[in-house]
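J.: Fold the following, please.
(one chain, ligands or ions: 2)
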Amino acid sequence: MIEIRGLTKVFGEHRVLDGISVDIREGELFSVIGPSGMGKSTFIRCLMRLLKPDAGSVKVDGQEMASVTSEFTLAKIRRSFGYLFQEGALFDSLTVFENVSFGLKYLTDIPKSEYPRIVREKLALVGLKDVEELKPAELSVGMKKRVALARSIAVEPKYILYDEPTTGLDPVTTGMVKDLITDMRKKLGVTSVVVTHDMNLALEISSRVAMLNNGKFVEVCEPACFRRSDNPEVREFMRISHISKE
Ligand SMILES: Nc1ncnc2c1ncn2[C@@H]1O[C@H](COP(=O)(O)OP(=O)(O)OP(=O)(O)O)[C@@H](O)[C@H]1O
Ligand SMILES: [Mg+2]
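T.: Residues are numbered from 1 along each chain as shown. Ligands and ions are numbered 1, 2, ... in the order given. Modelled structure (predicted):
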């Protein structure tokens with residue numbers, strides 16, 4: 001479980017996260033929705049301490065992240081996270097095989113002889129095969145997302161953080177990525193946090209949806225309840241997403 005209390009992040013004068021408190025429960029698929037620039041990526045990056053919060057507490061499986069001073073312990077906790085970057089961020093000079101096995105090499109002591117089996121298995125999970133020797137430049141955008149996802153699940157994380165997993169994808173590929181996220185939860189039992197400005201995606205796949213606005217979660221509830229929300233910011237976001245109140 002990830003317990004977040006009073007999470008605050010300030011850039012200059014800008015209080016991007018202003019005291020957020022929420023528990024992300026085991027096995028849930030928690031989405032954070034909000035307009036561009038509202039701090040969604042900042043939120044997700046604070047969870048695994050890629051960014052240091054200015055105040056508040058983030059506890060991962062009971063461990064307070066702020067009190068971890070050793071790089072070793074931090075690396076160990078980070079291992080429990082898979083992170084799908086907003087920009088995809090594959091290493092262009094590395095092959096698919098090298099990309100997917102990257103975390104195995106740096107975060108685990110799994111013997112090298114096991115890599116081919118693990119890479120094949122993870123690629124199969126995202127619906128790819130026989131692409132190990134290709135370079136990112138030879139892949140379509142959707143394939144790159146899948147490879148990035150295979151890389152983030154290679155070390156079998158307990159949590160997967162997805163930053164805008166469907167942005168820039170066509171509707172067919174969006175559907176595939178959506179199924180993948182749902183599958184990862186079903187097949188691997190991972191706890192997932194998705195940040196997105198795609199309201200349809202959030203409502204469709206999540207166990208709970210949170211709306212981030214001006215540094216706060218103005219609504220946190222299940223999709224059905226979220227659709228009926230009377231919160232003005234939620235309603236406005238629904239309106240521009242062409243989703244009507246049921
Ligand atoms: N390292 C940084 N230094 C200074 N300001 C930053 C930094 N990272 C983010 N910000 C600012 O914080 C705010 C929130 O950024 P963030 O990337 O978290 O938004 P977002 O909700 O993910 O947006 P998008 O939907 O466009 O991805 C923005 O105003 C951004 O300029
Ligand atoms: Mg972002």
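
J.: Look through this protein and state the residue closest to ligand 2.
T.: Of all residues in the chain, Ser41 sits closest to ligand 2, at 3.1 Å by C-beta to the ion. The C-beta positions use only the backbone N, C-alpha and C, and glycine is treated the same way.

J.: can you tell me which residues contact that residue?
T.: Gln86, Asp163, Glu164, Val195 (C-beta atoms under 8 Å, 6 or more residues apart in numbering).

J.: right, and Val119 touches Ala154 too?
T.: Yes. With contact defined as C-beta atoms under 8 Å, Val119 counts as touching Ala154 (7.2 Å).

J.: Between the two, tell me which one has more neighbours.
T.: Just comparing Val119 and Ala154: by other C-beta atoms under 10 Å the higher neighbour count belongs to Ala154, 25 against 22.

J.: quick one: the residue of the chain closest to ligand 2 and Leu74, what's the gap?
T.: As for Ser41, its distance to Leu74 is 20 Å (criterion: C-beta to C-beta, to the nearest Å).

J.: Next: Thr191.
T.: Computed as C-beta to C-beta, the Thr191 to Leu74 distance reads 19 Å.

J.: Which residue of those two possesses the greater neighbour count?
T.: Between Thr191 and Leu74, counted using other C-beta under 10 Å, the more crowded position is Thr191 (22 against 14).

J.: Backbone dihedrals for the more buried one, please?
T.: phi -90, psi 130 (degrees, to the nearest 10).

J.: swap in Gly82?
T.: With angles defined as degrees, to the nearest 10, Gly82 sits at phi -100, psi 140.

J.: re earlier: you'd agree the residue of the chain closest to ligand 2 is in a helix?
T.: Yes. Assessed with DSSP: H, G, I helix; E, B strand; the rest coil, Ser41 lies in a helix.
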